[in-house]
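*Asks:* 3D model of this:
(one chain, ligands or ions: 2)
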Amino acid sequence: MTIFNRKSAISSEQKSLRQVGDTVRKRLSGDPGAYRIPVDGLEIFGVADFFTWDECARLIAIVDSVARPSHTYKGTDGSGRTSYSGDVDPFDPFVLMLQRRIDDLMGIDPTFGETIQGQRYTPGQEFRSHYDHFLPSQPFWDSEQKRGGQRSWTAMAYLNHVEEGGITEFTRLDLTIPPQPGALLIWNNMKPDGSPNPNAMHAGTPVVHGTKYVLTRWYRARPWS
Ligand SMILES: O=C(O)CCC(=O)C(=O)O
Ligand SMILES: [Fe+2]
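*Replies:* Ligands and ions are numbered 1, 2, ... in the order given. Below you'll find the predicted structure:
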């Protein structure tokens, strides 16, 4: 019985992840501002100048005000991420305005999105190779099932120029993306069929010179709480 329930829960979630995948793919493919990065085995898009210089400057100040030493995920593994991070205030009208812009670009119901997280890396800091999506072997898998389930798409904005290092690297693909101020990078952590995509593994390589600021919005299979 337990096995049956678990199986059926997973397959309905996969269906929902497939639908979210279809919606966003259709939406971005029809948007002349969204560029599909030509790489096999991962759905990934870039939008240049998604945020203005002024918006980036304001967002950097916001990240500075919320950034604390990162835990990879609720403190379960402190080894992966050495940057400082924090949730931005989801009720701040400026943040809400930008969040609506991201949600509208994606075409995902805003309730599926987690609170936007800001992140700051100084020299030597990095986010080692990881998945944004969850694995059934992780201790928080069951509790996350009740909070919107699996993560689908990631939308990540670069807020500034980094003098050296701090590139985003998709470690299983020959794909590296250097920070570009105001640009939004969007990828599907699932395959088009709604199952986890191993090719979505990525890292933020160590910053060598300068400081790197990013914002991340993760979306779920169902409304997040
Ligand atoms: O900083 C980066 O380039 C990657 C950040 C990241 O992987 C994340 O926020 O999930
Ligand atoms: Fe990530």
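*Asks:* Contact partners for V24?
*Replies:* 106-108, 152-153, 186, 188 (C-beta atoms under 8 Å, 6 or more residues apart in numbering). Placement of C-beta: from N, CA and C, glycine included.
*Asks:* gap between it and ligand 1?
*Replies:* The spacing between V24 and ligand 1, counted by C-beta to the nearest ligand atom, to the nearest Å, is 17 Å.
*Asks:* For the host helix or strand of that residue, give the mean pLDDT please.
*Replies:* For V24, the element it lies in under DSSP states H and E is helix 2-29. The average pLDDT within helix 2-29 is 83.
*Asks:* That helix: what's the following helix or strand?
*Replies:* Following helix 2-29 toward the C-terminus (DSSP H and E): strand 35-36.
*Asks:* What is that next one packed up against?
*Replies:* Under the contact criterion of 3 or more C-beta pairs under 8 Å, 6 or more residues apart in numbering; DSSP states H and E, strand 35-36 touches strand 44-47.
*Asks:* Quick check: neighbours of the strand it packs on in the sheet, parallel or antiparallel?
*Replies:* The pairing partners recorded for strand 44-47 under DSSP bridges are strand 35-36 (antiparallel), strand 184-188 (antiparallel).
*Asks:* Can you pull out the residues in contact with the last one?
*Replies:* When contacts are taken as C-beta under 8 Å, 6+ apart, the neighbours of strand 184-188 outside the stretch itself are 21, 24-25, 28, 34, 42-47, 50-51, 102, 105-106, 152-158, 168, 177, 197, 200.
*Asks:* 6 Å instead?
*Replies:* 21, 43-47, 50, 153-157 (C-beta atoms under 6 Å, 6 or more residues apart in numbering).
*Asks:* What of the shortest one?
*Replies:* When contacts are defined by C-beta under 6 Å, 6+ apart, strand 35-36 is touched by residues 45-46.
*Asks:* how distant is it from the center of its chain?
*Replies:* Distance of strand 35-36 from its chain centroid, counting by C-alpha atoms, centre = their mean, to the nearest Å, is 17 Å.
*Asks:* same thing with the last one?
*Replies:* Computed by C-alpha atoms, centre = their mean, the separation of strand 184-188 from the middle of its chain amounts to 7 Å.
*Asks:* Give the partner strands of the following helix or strand past it in its sheet and their orientations.
*Replies:* Using DSSP H and E, the helix or strand that follows strand 184-188 in sequence is strand 202-204. Counting by DSSP bridges, the strands paired with strand 202-204 are strand 127-130 (antiparallel), strand 168-170 (antiparallel).
*Asks:* All set, thanks.
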